[in-house]
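**Q** Sequence first, predicted coordinates after that:
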Amino acid sequence: QVQLVESGGGLVQAGGSLRLSCAASGRSVSGTTITWFRQTPGKEREFVACLRRGGTNTYYTDSVKGRFTISKDNAKNTVHLQMNSLKPEDTAVYYCAENARIIQSELRNPLQYDNWGPGTQVTVSS
């Protein structure tokens, strides 16, 4: 059973930075696809960034390109989301999710992910 736990959320002013972490157990992060989603009240979960199985291919939603970076730390079996130049519209609960068998065309679909962390709140003040 794969378990995921997010950390690193908090309150930051616009223009600031945060680094989120997704610690995995039960499977190596190199052997699966880890994706970050975010959600605000009343809205569906939104794709943010993905680190493909193997750890070489990354994907981002357009609104975070150039500001967010997804990476992995094999020694800690953790995937990070470095978030720079944060904006108030980045405020959300951020979740990491995992699926070792997900196909390319479904990477951005939250319904295709088997395992989720409990989430971490990110609040960006203006």
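**A** Looks like it came in fine.
**Q** Relative to Ser126, how far out is the spatially most central residue of the chain?
**A** Nearest to the geometric centre of the chain sits Trp36, at 2.1 Å (CA atoms, centre = their mean). Remark: distance between Trp36 and Ser126 (CB to CB, to the nearest Å) = 23 Å. Using the backbone N, CA and C atoms, a C-beta is placed for each residue, glycine as well.
**Q** Over to Tyr113?
**A** Tyr113 is 31 Å from Ser126, by CB to CB.
**Q** which one of the two has more residues nearby?
**A** Applying other CB atoms under 10 Å to Tyr113 and Ser126 shows that Tyr113 carries more neighbours, namely 21 against 9.
**Q** pretty sure that one contacts Asn99?
**A** Yes. Counting by CB atoms under 8 Å, Tyr113 does reach Asn99; the two are 4.8 Å apart.
**Q** Mutual contacts of the two, please.
**A** Common neighbours of Tyr113 and Asn99 are listed as Thr35 (criterion: CB atoms under 8 Å, 6 or more residues apart in numbering).
**Q** Ends of stretch 66-78, what's the gap?
**A** 22 Å (CA to CA, to the nearest Å).
**Q** for stretch 20-32, same thing?
**A** 18 Å.
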